[in-house]
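**Student:** pasting the sequence and the predicted coordinates here, then a few questions.
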Amino acid sequence: MAEPNSEKTRSSSWERWAPWAFAAFVLSMGLAIWEVFPPGIWHDDGVYVLLGRALAGGDGLRYVGIVGAPLAPKFPPLYPLFLSTVWTVTPSFPENAGFLGGVNLLILAVAGGLFLAYLRAALGVPLPLAALVSLLAWMSPPLWRVAMVPLSEPLFILILVLALWAGARMEKGAGGLGVAIFLLAGGLAFYTRSVGLAVLAGGVGALFLKKRIRAGIGVLLGALVVVLPWMLWSRWAAQTIPESLRDILGPYGGWLVSEMVRDPSAYVIYLFENGRHLLARVLSLLLPGVVGAPLWIGLILVPFLILGLREAGRRSLVLPISLLMGLLLLLVWPFQDIRLLVPFQPILVLGVVLGFRAFLRWGPTRGIWRVSLVALAGGWTLLFLSVATYRLFTGWPGEAYRVRSNVLVTAVDAVEEFTPQDAVVGAPELWPGLQLFTGRTVVPSARFVPLASDEPTWGSPEAQFALWQEAGLTHLLVEHGGRVHGDALEKITETCRAGTVQVLDQQASHVLVALNWDEECRSRLRSEGHP
C-alpha cells in the first residue's frame, strides 16, 4: 500500500522543486556563456545606464550629460530605477559595468523558474511538457543577446509572466484583490516597457469575452488610472526637449500620430511592409539560425501556433489576447528590431508545442498522418535545441557586441585625446557611451524619422545643421562610414572656409572632426537655403 503514496510523494516533490531546478539551470548556463561588455555599445543600453546614474544621484529621470540635461520621457522609469540601485551599491564606473549588465542574468533565471511554475499552476500544462517549453524558450540565442547588456527586456519578461499569472487568477474570479494584483503587475509591465500596455488590454479583453462586463469595465478604468500618470507626464516632459532632439529623445506617441496624419497613404504602405517584417521576425524566433527565403518554410508552424494559443486560452484568455495586442502594438511601432519581440517568445514557443499536442490528440492514433506529425514536431524541437545550443556556446549572442565594443573603445580614446573637457560631442549612436567613459557633454547628432519618405531616416543635412547649432556642437564622431553625416559635412566643406570641418582622428570605425564654423559660415548656409 505504500508504493502509490511513494509515487505521489515523488511527483509532489518534482512539482515543488522543478521551477527552482530550472532557475538554477538557467543561472548556470548564463554563467557559462556570460561576457562583460561596456555599456553604450547598443545605444539604448547606454541610455538606461545614464538614466540609472541620474536617478541614483538624485537628478531624477533626466538625460544628465546631454546638452541641457532634458527630461527623459522616452524610456519608462522602472528599469532605470532598477539600475539606480546597482549604481547606489556599486557607484564606481567603469568597475561596476559587470554588475550593470550581470543583473540581467539573475533576472532571467528567476523569470525562467517563474514561467515554469506559471505553466503548471495557471495553465495546467503537464510537467514534462512545461519543462520542454521552458527549455526551448530560455535556450533562445536572441533572448541571451538582449540579456548580455543593460536592456530592459529581461525585466519585462519577468514582470510579464507575473502579470499573465495574475490575469489567469483574475479570470477565475479572485475578487477585488485579484483585480488589484493584476493591475499592479500590468502597471509594472507598462512602466518597464510601453508594450506592457498589451497585457492590461489582455485582461480587459478576457473579462469582456467571458461576459463579465462589470468587472471588465472596472479593470479598464483601473488600467487608465495606472497608465495615465506616465502618459501625461511624458507628454508634458517632451515639450521641454528642444524641437530638433524631440524625435530621438522624446516619446513616440505624439510624433507617430503626427506622421500618420501627415501622410496616411504612406503610413498604410508602411504598415503592410512592417507586417511582413514582423511575421519574418516571429518565424526567426521559432526557427533559430534560419535566414533568407528558407525562413518562410516556418509558415508551416503558424497553424500549430494558432491552435496552441487557442488551447492555452481555454485556461486563460489573457495570454493569447495579450500576445495579439503586443503584436498589434509592434506593428504600428516606428522602430522595428527583433529584441522588441523577444519577450513574447516564451508565449510563441508555448503555442507551437501545445498546437502539436492538440493535433496529435485529435488525429488518428496511427498511420502516415501521425508519423508525419510526430516527425515534424520532433524535427522542429531537435532543430531548435541543436541550433540554439551551438549558437549559445560558440559566442553568437555577443558576436555583434564584440565588434561594437572595439568601436566604442577606439572612439573613447579619440575623444579623450583630441577634445577638451568642455567640448560638446555629437554621435549618431555612441553618444551615451562617450558620455559615460569620457565625461564630455554629448548630444545625439542624427534625427530619427523612419516614416519620412522625402528624406533619410537620420534627417536631411538641413535638419542635422539645425540640431547641431541648437545643441552648440563643437565636435562630431562620424560613424557608419559617413553614411549618416557625410552629405551634411560635404555641404559645409563646399560652402564654408577651409578648415571649418577639421579631421582630428580617422580610423576604420570612425572619423572624429571638429566643427569650427563661425557666423560667416552659418550666414552662407542660410543664404543657400540651409538653417
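**Tutor:** Noted; the coordinates are in hand.
**Student:** quick one: the closest residue to A180 other than its chain neighbours and F182, what's the gap?
**Tutor:** Using CB to CB, 6 or more residues apart in numbering and skipping the chain neighbours, the partner closest in space to A180 is G222 (8.0 Å). From N, CA and C alone the C-beta is placed, and that goes for glycine too. G222 sits 9 Å away from F182, going by CB to CB, to the nearest Å.
**Student:** counting neighbours, go ahead and name the busier of these two.
**Tutor:** Between G222 and F182, counting by other CB atoms under 10 Å, F182 is the more crowded of the two (30 against 20).
**Student:** mind splitting this structure into its structural domains?
**Tutor:** What automatic domain parsing lists as the domains of the chain is 2-394, 400-527.
**Student:** pull the distance from the helix or strand of the chain with the lowest mean pLDDT to the chain's centre.
**Tutor:** Across the helices and strands of the chain, the lowest-confidence element by mean pLDDT, DSSP states H and E is helix 253-262, at a mean of 73. Offset of helix 253-262 from its chain centre (CA atoms, centre = their mean, to the nearest Å): 22 Å.
**Student:** got the buried residues for it?
**Tutor:** W255, L256, E259, M260 (16 or more other CB atoms under 10 Å).
**Student:** now for it, which elements pack on it?
**Tutor:** Packing contacts for helix 253-262, counted by 3 or more CB pairs under 8 Å, 6 or more residues apart in numbering; DSSP states H and E, involve helix 213-238.
**Student:** quick check: mean pLDDT across the helix it packs on?
**Tutor:** Over the span of helix 213-238, the pLDDT mean works out to 95.
**Student:** report the buried residues of it.
**Tutor:** 215-216, 218-220, 222-223, 226-227, 230-231, 234, 237-238.
**Student:** tell me the contacts of the residue lying closest to H485 once chain neighbours are set aside?
**Tutor:** Once flanking residues are discounted, H485 sits nearest to V478: 5.1 Å by CB to CB, 6+ apart. By CB atoms under 8 Å, 6 or more residues apart in numbering, the residues touching V478 are V484, H485, G486, L489, H510, V511, L512, V513.
**Student:** average pLDDT for the strand or helix carrying the last one?
**Tutor:** Translated: V513. Using DSSP states H and E, V513 sits in strand 511-515. For strand 511-515, the mean per-residue pLDDT is 96.
**Student:** next SSE downstream of it?
**Tutor:** Toward the C-terminal end, the helix or strand that comes next after strand 511-515 (DSSP H and E) is helix 519-527.
**Student:** how far does that following helix sit from the chain's center?
**Tutor:** Centroid separation for helix 519-527 versus its chain: 41 Å, with CA atoms, centre = their mean.
**Student:** next, the angle strand 511-515 makes with it.
**Tutor:** Interaxial angle of helix 519-527 relative to strand 511-515 (axes from the mean of the first three to the mean of the last three CA atoms, to 10 degrees): 100 degrees.
**Student:** and helix 519-527, which residues are buried?
**Tutor:** Within helix 519-527, the residues that qualify as buried are C521, R522, R524, L525, counting by 16+ other CB under 10 Å.
**Student:** going by distance to A377, which of those residues wins?
**Tutor:** Of all the buried residues of helix 519-527, A377 sits closest to L525, with 63.5 Å by CB to CB.
**Student:** and F344, what does it touch?
**Tutor:** Shown in contact with F344 (CB under 8 Å, 6+ apart): L323, G326, L327.
**Student:** I213 too?
**Tutor:** For I213, the contact set (CB under 8 Å, 6+ apart) comprises L207.
**Student:** I'd guessed E429 sits against V47; true?
**Tutor:** No: using CB atoms under 8 Å, E429 is not in contact with V47; the gap is 10.5 Å.
**Student:** comparing those two, which shows the higher neighbour count?
**Tutor:** Legend: neighbour count by other CB under 10 Å for E429 and V47, higher for V47 (25 against 22).
**Student:** so what's that one up against?
**Tutor:** Counting by CB under 8 Å, 6+ apart, the residues that V47 touches are Y63, A72, F75, P432.
**Student:** what's the average pLDDT for whichever strand or helix holds it?
**Tutor:** Using DSSP H and E, V47 sits in helix 44-56. In this model, helix 44-56 has an average pLDDT of 97.
**Student:** strands of the chain, start to end?
**Tutor:** 424-427, 441-444, 475-478, 501-506, 511-515 (DSSP state E).
**Student:** parallel or antiparallel, list what pairs with the third one.
**Tutor:** Spelled out, it's strand 475-478. Strand pairing for strand 475-478, using DSSP bridges, gives strand 424-427 (parallel), strand 511-515 (antiparallel).
**Student:** and the contacts of the shortest one?
**Tutor:** In this structure, residues lying in contact with strand 424-427 by CB under 8 Å, 6+ apart are 67, 411, 415, 419, 431, 434, 438, 440-445, 468, 471-477, 479.
**Student:** select only the buried ones of those in PyMOL?
**Tutor:** In PyMOL syntax, the buried subset of those is picked out as below (16+ other CB under 10 Å):
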select buried, resi 67+411+415+419+431+434+438+440+441+442+443+444+445+468+471+473+474+475+476+477+479
